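Asker: here are the coordinates; sequence isn't available:
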């Protein structure tokens, strides 16, 4: 009995001591110093992969600290939780100095961010591929600094293609449907096309198809979500599963990572829209799958469009952190850093110097050629951040057997216009 | 064994508030400091207008509440919540009662059975849910494979994607992960029943079922009560099972109030933490009412005194 | 009903047929129960024992085509995993200790004494349980940020303790109030003070309740996710639940390592439970007064 009482006292005392000690520490060494420059910055990074993300950023932090004498507090957060965590930080007024996210425009619209004029060395800005400068520019100022990019292309299983008697990748939607039917006809669980329209990344799947049908979300500053091309595209995507029955079961409830990609990785899907990380998985873990990569087939007989994505490294305006942030960007965009990172994660460059560096990599050639003309979603419009969520959450219902593609896009257009 | 004498012996002494503070102080400090304060923050958030980024833009009055209460998906979500909570709690408590009875019998190897039953409870819900998502999967799930090879079904079932099965599949997992905790709560309750009570009943010549109904169940009442109330709260607030098993499905057709609340904040077109906070406050009121109704139904006070 | 009668275990007597049958019926039932509760985790084990690429095989195979323990080896030798394991152990053990030390006196007192504000206190305890942790996380973050405790074990330990006191208090209170008053009075006559009575007489009698509360608190702290995710920034300070989520990301999936790590994470809980499980039984018999 005595023992437990003493233990209680020790634990309680320890708790109280550590509380007081820690709070003393905080008032002294906080990042919001009253005058002068910050002693540390908080950098919140999205986790792309367990193997590479932490390794790179740990090494980066060391270099940064050595160069600047400013401590870099690194926090790596899983993509699934990133949105919630960044929102928590902003709600409580504890914004990071640098945040890695897949959207920036809403933060810029809220007046939270530094623009490139304030923190990005001119030479660095000049090196960034113009398409990404454009997508990172809100209201005439460049806020969304790209960290890396990816581009989508059509992956097809060459074994399944030869078994189905198909000699080359489809270039038009009619060919695509015909090829998907042939692959499906092989039987034994073969699926013509693995179509991920579940909540994870449905906007990407929809975007790449509509870009290759002459459609877009926004044209000349006006929302065109329910344009005739877009409605035709979504109807086509719905027909693939409902009418032609060439997709896997329930595409509206299939996510990309553990659904469509895994079918392709298991050699069960004839075609899937993929990107370089899928290629990485196929070349290391799923070596039994023989595949090739081709540009997307088009529905409008125009040249194929490449859908691209970039994530952002935005910086938050805080007292005294401007120089530290500037030093961060300067170091990040130095070729030895950014290219190491992009290569490790298997993504694509965002700088002209990076393009030059990677251009000899045969595996990346198919994407790199299209990178300067890459077609992005309207990430420069804060309203898009909500449109994207609506597409992710609800497009699966629109392509279900009882779904109504036109009504879905009409509603979405109304939502976008109301937000303006 | 008259109820009257029992009651008298359980009567409480009185103590001063000062002495109470001495005994309850530490618990009070932790609960008020760490649970109550954030709860107040939640209420404050529910009256604010927020940008998609989480930045507070100003006061919202009660508009978050009116927007939440008039959202078209709400009736469906409330219905789902009722089905989810009702089914999981009832099944969990019934199975838990049977399992507890079984686990308090003496038999060879009981210890190993008890260790086994702890496993679903010991495993993190996020991981168990991931596991079940794989097991249920249409293409690579072993459940379909098993049922097909036993010729119980002729073609694979989309357990999580087909709306006829989604809720039932999630309920099965909900029960599976809630039973161990409930069973052990009831095992502890069973073991607190004095053995002489059974002896007396047996001398009176009661059948096992009579003894169970007339003696065990009434004396187990406090444990069952705690079990039901806690399960009501935990199952209502259970996030990972539904979030992960329903994670590939579009819309809000299988969401409960908790996952809906999260989606309002981070995954829906609204993307509004103020609206979500209003939902959070609403949720607490709903549980409060549910628990209150339950306690009223079982005549909590009378049960305690009779 | 004297206290000595309460303390005796009474052998259960039923028909002779049942007596013979239960020798084998109960163990067989036990095996059935084990199969039901372990089957999913056997699937998990088999997935951890195959190459990651085989986990999502279509159609699935029950047994691995290639058996390999490399996922376990990689996880165990991963310094990050060792850090997460340490955090989880420190946090769960500390939080459990605090909960038990804080909840026992409170439960005993509320079970045994009336005082002004008793109902208010009990009401507060129940109501604070009703908030979903996800909806409280912003407030918790703000609070610990103001205290300068972000990214410390202390913050996580205090939060896990605070969130589990209610349960422990509730269940223990039930056990305390079930103990007949005369036992306590006898102890008081023997000259035990209030605190001594609680520790020497009441605690042994409520052991099943304490075991339940310990198990519950430990598991809840062990498996807590959203608060740890929010409060802990350094990778080395993250607990297992948060850490192992990095095995499967949108761009790289290592299913076998995820499952190997998850299985290892179950082990400490089962060990803890195995150590205290026998006290789930026979609190009443173990607690003889003299």
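Answerer: Done, it's in. Fair warning: this is a prediction, and the values are worked out from it, not measured in the lab.

Asker: need the strands for the chain, in chain order.
Answerer: In the absence of a named chain, chain A is used. Along chain A, the segments classed as strands by DSSP state E run A:40-47, A:71-78, A:98-101, A:137-138, A:141-142, A:145-151, A:153-157, A:191-193, A:218-219, A:222-223, A:269-274, A:291-294, A:308-315.

Asker: try chain B instead
Answerer: With DSSP E as the criterion, chain B has strands spanning B:13-14, B:48-50, B:56-59.

Asker: Show the end-to-end separation of stretch A:268-277, please.
Answerer: 19 Å (CA to CA, to the nearest Å).

Asker: That one close to chain B?
Answerer: Yes: against chain B, stretch A:268-277 shows contacts by CB under 8 Å from any CB of the partner chain at residue A:268. Every residue, glycine included, has its C-beta placed from N, CA and C.

Asker: In chain A, which residue sits nearest chain B?
Answerer: Closest residue of chain A to chain B, CB to the nearest CB: residue A:396 (2.8 Å).

Asker: From chain C, how far out is that residue?
Answerer: 18 Å (CB to the nearest CB, to the nearest Å).

Asker: Count the residues that sit near that residue.
Answerer: 26 (other CB atoms under 10 Å in any protein chain shown).

Asker: can you list the strands of chain A in CSV and add mean neighbour count and mean pLDDT?
Answerer: CSV is the format used below for those (neighbours: other CB atoms under 10 Å in any protein chain shown; pLDDT from 0 to 100):
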stretch, mean neighbour count, mean pLDDT
strand A:40-47, 22, 96
strand A:71-78, 20, 95
strand A:98-101, 25, 97
strand A:137-138, 19, 96
strand A:141-142, 18, 96
strand A:145-151, 25, 95
strand A:153-157, 24, 96
strand A:191-193, 28, 97
strand A:218-219, 14, 94
strand A:222-223, 16, 95
strand A:269-274, 26, 97
strand A:291-294, 17, 95
strand A:308-315, 25, 96
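
Asker: closest point of the stretch 201-306 of chain B to chain A, which residue?
Answerer: At 2.8 Å from chain A, residue B:250 is the closest residue in the stretch 201-306 of chain B, using CB to the nearest CB.

Asker: That residue reaches residue A:393, doesn't it?
Answerer: Yes: with contacts counted by CB atoms under 8 Å, residue B:250 reaches residue A:393, the gap being 6.2 Å.

Asker: what's the overlap in contacts for those two?
Answerer: Common neighbours of residue B:250 and residue A:393, counting by CB atoms under 8 Å, 6 or more residues apart in numbering or on different chains, are residue A:199.

Asker: Contacts only, for residue A:245.
Answerer: residue A:184.

Asker: brain fart, residue C:280
Answerer: Shown in contact with residue C:280 (CB under 8 Å, 6+ apart): B:114, B:184, B:187-188, B:191, C:208, C:211-212.

Asker: Chain C contacts on the stretch 151-300 of chain A?
Answerer: When proximity is defined by CB under 8 Å from any CB, the stretch 151-300 of chain A lies next to chain C at A:189, A:200, A:256-258, A:262-263, A:265-266, A:268, A:277, A:281, A:285-286.

Asker: which bits of the stretch 301-420 of chain A sit near chain C?
Answerer: So the stretch 301-420 of chain A meets chain C at A:345-346 (CB under 8 Å from any CB).

Asker: now the helices for the stretch 301-420 of chain A?
Answerer: Using DSSP state H, counting those that start in this stretch, the helices of the stretch 301-420 of chain A run over A:322-332, A:335-345, A:352-358, A:365-368, A:382-398, A:405-419.

Asker: which of the ones you listed sits most buried?
Answerer: helix A:382-398 (a mean of 23; mean count of other CB atoms under 10 Å in any protein chain shown).

Asker: Residue C:17 - how many residues pack around it?
Answerer: 8.

Asker: quick one, what contacts residue 217?
Answerer: No chain was given, so I picked chain A. So residue A:217 contacts A:207, A:210, A:223-225, A:230, A:377-378, A:384, A:387 (CB under 8 Å, 6+ apart).

Asker: not what I meant, chain B
Answerer: Residue B:217 neighbours (CB under 8 Å, 6+ apart): residue B:224.

Asker: which residue packs closest to the residue in chain C that chain B sits nearest to, ignoring adjacent ones?
Answerer: Here chain C gets closest to chain B at one residue, residue C:139, 2.6 Å apart by CB to the nearest CB. In space, and not counting its chain neighbours, residue C:139 is closest to residue B:38: 2.6 Å by CB to CB, 6 or more residues apart in numbering or on different chains.

Asker: One more: residue B:73?
Answerer: Spatial nearest neighbour of residue B:73, chain neighbours left out: residue B:252 (4.3 Å); criterion: CB to CB, 6+ apart.
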